[in-house]
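>>> got a predicted structure plus its sequence, pasted below:
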Amino acid sequence: MIQFISNVIEKYGGRPAGSEQEKGAQEFTADTLRGFCDQVKIEEFKSPLSSHFESLKIFSIIYWFTLWLMTTLYSQKILLGVLISGVGAILFIWHFLTYRHVLDFLFPKEKSWNVEGKIEPTGEVKSTLIIAGHIDSVYEFQWWYHFKTFGMALNVIAGFGFVLLPIYLGLLWIYSYFALPKGIAMWPYYVFVAISPAALSMFFMHGEEPVDGAIDNLTGVAMAVEMGKYFSQEKLKHTRLKLVSFGSEEPALRGAFAYVAEHKEELLKEKAVLINIDTIKEKANLTIATKEINTLVTFPENLVQKLETAFQQSNVPVKKGPLPIGASDASAFAINGLPSAFILGMDSNKYDHSYHTRLDNLEHLNPDGLEALKTVMIRFIDNWDKEQTNS
């Protein structure tokens with residue numbers, strides 16, 4: 001697995017969504033899968049890849065414009081500020097935080113690619129397991145690299161500013177009918193002004209260079225490839241195995257959404273279940289996500305339990321809990337009513353400085369997480385197939 005990751009980085013470096021580097025890495029992955037899969041295909045799709053992060057510029061401008069508008073306070077201007085910032089807050093939550101893509105129509109569609117390898121069982125197909133990761137890597141979150149936890153805090157502060165400003169202005173507008181806003185009614189406005197520079201961290205989120213993405217998320221693709229190698233030799237009886245490398249995950253799960261859009265009826269018919277693997281940095285932080293807060297999805301309890309059982313049987317410690325920030329490709333399936341689960345290998349309760357920075361490289365990847373998870377995944381898939389045999 002480490003060799004696969006090393007080869008991709010050596011050949012293609014960072015792989016921004018929709019880039020020639022991403023395409024080359026997907027072709028390399030497809031060629032690798034052809035060595036042992038029954039069928040391999042590369043699927044091109046088009047999606048507004050810039051929509052997710054470029055929308056942050058829109059929300060920042062709305063925030064700054066609203067604060068400027070309030071420099072002369074009349075009730076009509078306050079109401080206009082409520083409306084403008086309110087629309088901005090709703091779209092920020094709906095489009096950016098929950099990954100619902102409602103502003104996609106403002107941005108051009110670009111090409112990206114998914115790869116799927118398939119291994120058929122020896123007997124009747126009773127279900128399909130999809131083991132997946134994503135091949136693309138993000139342009140560096142420059143504030144996070146240079147300012148570490150404080151850089152992330154700037155993003156959080158700006159996000160709260162986007163959401164809370166219209167609430168405050170709404171209350172101020174009501175108050176203005178009884179008295180001219182001043183004193184204690186005005187001090188929150190100056191707080192919003194004081195934190196307004198934090199929005200620069202949203203407007204200029206990315207640096208110029210993509211990160212290697214060794215951890216996030218060549219680890220997931222490497223695990224999918226490894227499962228294909230193993231089960232091409234140890235054939236399953238009643239479970240079709242699909243090994244998928246999603247493209248363009250970083251700009252809001254574009255590859256996974258495109259894959260579901262293309263195959264949803266097929267996936268429902270074959271009783272497909274996705275096990276998504278992302279950011280396996282180290283064994284100590286292997287975690288089964290129970291839900292993803294940003295996207296408002298909860299993963300099936302029985303599926304989480306089956307994964308936990310496989311960890312226990314493999315004597316590999318595991319944590320369980322919600323993903324507090326961000327999202328994985330499993331959300332694209334869950335949003336569309338398809339069963340999925342997500343395994344993470346990085347501490348999600350505090351900021352890891354390798355996440356979305358140039359430190360996401362082989363030097364900071366501990367192979368013990370991948371090796372432990374390989375044992376768990378083999379056990380899980382074997383258990384799954386035995387259930388299908390007995391059903």
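Noted; the coordinates are in hand.

>>> just how off-centre is the biggest helix by length in the chain within its chain?
Under DSSP state H, the helix in the chain containing the largest number of residues is helix 142-176. A distance of 22 Å separates the C-alpha centroid of helix 142-176 from that of its chain, computed with C-alpha atoms, centre = their mean, to the nearest Å.

>>> packing partners for the very next helix or strand once past that helix?
The first helix or strand that comes after helix 142-176 along the chain, using DSSP states H and E, is helix 187-195. Packing partners of helix 187-195 (3 or more C-beta pairs under 8 Å, 6 or more residues apart in numbering; DSSP states H and E): helix 51-69, helix 142-176. Any C-beta I mention is one placed from the backbone N, CA and C, and that applies to glycine too.

>>> circling back: for the longest helix of the chain, packing partners?
Under the contact criterion of 3+ C-beta pairs under 8 Å, 6+ apart, helix 142-176 touches helix 51-69, helix 75-91, helix 187-195, helix 200-203, strand 206-210.

>>> averaged pLDDT, stretch 210-222. What do you get?
The average of the pLDDT scores along stretch 210-222 is 98.

>>> buried sites along that stretch?
210-222 (16 or more other C-beta atoms under 10 Å).

>>> which one of those is nearest to F53?
Nearest to F53 out of those is P210 (C-beta to C-beta; 12.8 Å).

>>> which residues touch that closest one?
Listed by C-beta atoms under 8 Å, 6 or more residues apart in numbering, the contact set of P210 reads G13, G14, R15, P16, S19, Q21, S137, V138, Y139, E140.

>>> and if you look at K281?
With contact set as C-beta under 8 Å, 6+ apart, K281 has these partners: I215, T219, G345, M346, D352, S354, H364, L365, N366, G369.

>>> gap between the residue nearest to it when sequence neighbours are not counted and M205?
Spatially, and ignoring its direct neighbours in sequence, K281 is nearest to M346 (4.5 Å; C-beta to C-beta, 6 or more residues apart in numbering). M346 sits at a distance of 20 Å from M205 (criterion: C-beta to C-beta, to the nearest Å).

>>> then K283?
31 Å.

>>> got it, and P166?
Distance from P166 to M205, by C-beta to C-beta: 22 Å.

>>> could I get the full set of helices for the stretch 201-350 of the chain?
219-233, 254-269, 301-313, 329-335 (DSSP state H, counting those that start in this stretch).

>>> most packed of the ones you listed?
helix 329-335 (a mean of 27; mean count of other C-beta atoms under 10 Å).

>>> quick one: G35 is in a strand?
No: counting by DSSP: H, G, I helix; E, B strand; the rest coil, G35 is not part of a strand but coil.

>>> list the contacts for S176?
By C-beta under 8 Å, 6+ apart, the contact list for S176 reads L73, S75, I78.

>>> could I get those residues as TSV with neighbour count?
Converted to TSV, the contacts of S176 look like this (neighbours: other C-beta atoms under 10 Å):
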residue	neighbour count
L73	18
S75	15
I78	21
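
>>> which residues pair with the closest residue to A272 other than its chain neighbours across the strands?
Excluding its sequence neighbours, the residue lying closest to A272 (C-beta to C-beta, 6+ apart) is T128, at 4.1 Å. With DSSP bridges applied, the residues forming beta bridges to T128 are R240, A272.

>>> please name the residues that touch K148.
Y351, H353.

>>> break this protein into its domains for me.
2-50+110-138+211-390, 53-103+143-206 (automatic domain parsing).

>>> returning to that earlier point: nearest to V260, of the buried residues of stretch 210-222?
G220 (17.2 Å).

>>> how close does that closest one get to A332?
14 Å.

>>> low-confidence ranges in the stretch 101-250 of the chain?
Within the stretch 101-250 of the chain, the ranges that satisfy pLDDT under 70 run 179-183.

>>> repeat that with 80
Applying pLDDT under 80 to the stretch 101-250 of the chain flags the ranges 176-185.

>>> now do the stretch 251-391 of the chain
For the stretch 251-391 of the chain (pLDDT under 80), the answer is 391.

>>> residues touching D136, list them.
D136 neighbours (C-beta under 8 Å, 6+ apart): R15, P16, A17, E22, S112, G213, G247, S248, E249, E250, G255.

>>> any idea how far H356 lies from V138?
Relative to V138, and taking C-beta to C-beta, H356 is found at 5 Å.

>>> quick check: neighbours shared by these two?
By C-beta under 8 Å, 6+ apart, the residues touching both H356 and V138 are V211, D216.

>>> can I get the contacts of D136 in CSV including distance to R34?
Formatted as CSV, the contacts of D136 follow (distance: C-beta to C-beta, whole Å):
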residue, distance to R34
R15, 20
P16, 25
A17, 24
E22, 19
S112, 21
G213, 23
G247, 18
S248, 22
E249, 23
E250, 26
G255, 20
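
>>> between those residues, which is closest to E292?
The closest of the contacts of D136, once distances to E292 are taken by C-beta to C-beta, is E249, at 13.2 Å.

>>> wait, S50 sits on P251?
Yes: using C-beta atoms under 8 Å, S50 is in contact with P251, at 7.0 Å.

>>> these two: which has the busier surroundings?
Using other C-beta atoms under 10 Å as the criterion, S50 and P251 rank with P251 on top: 24 against 17.

>>> let me see the contact set for that one.
Neighbours of P251 in contact, by C-beta under 8 Å, 6+ apart: A17, L49, S50, S51, H52, F53.

>>> now the phi/psi pair for it, please.
phi -90, psi 50 (degrees, to the nearest 10).

>>> alright, I will stop here.
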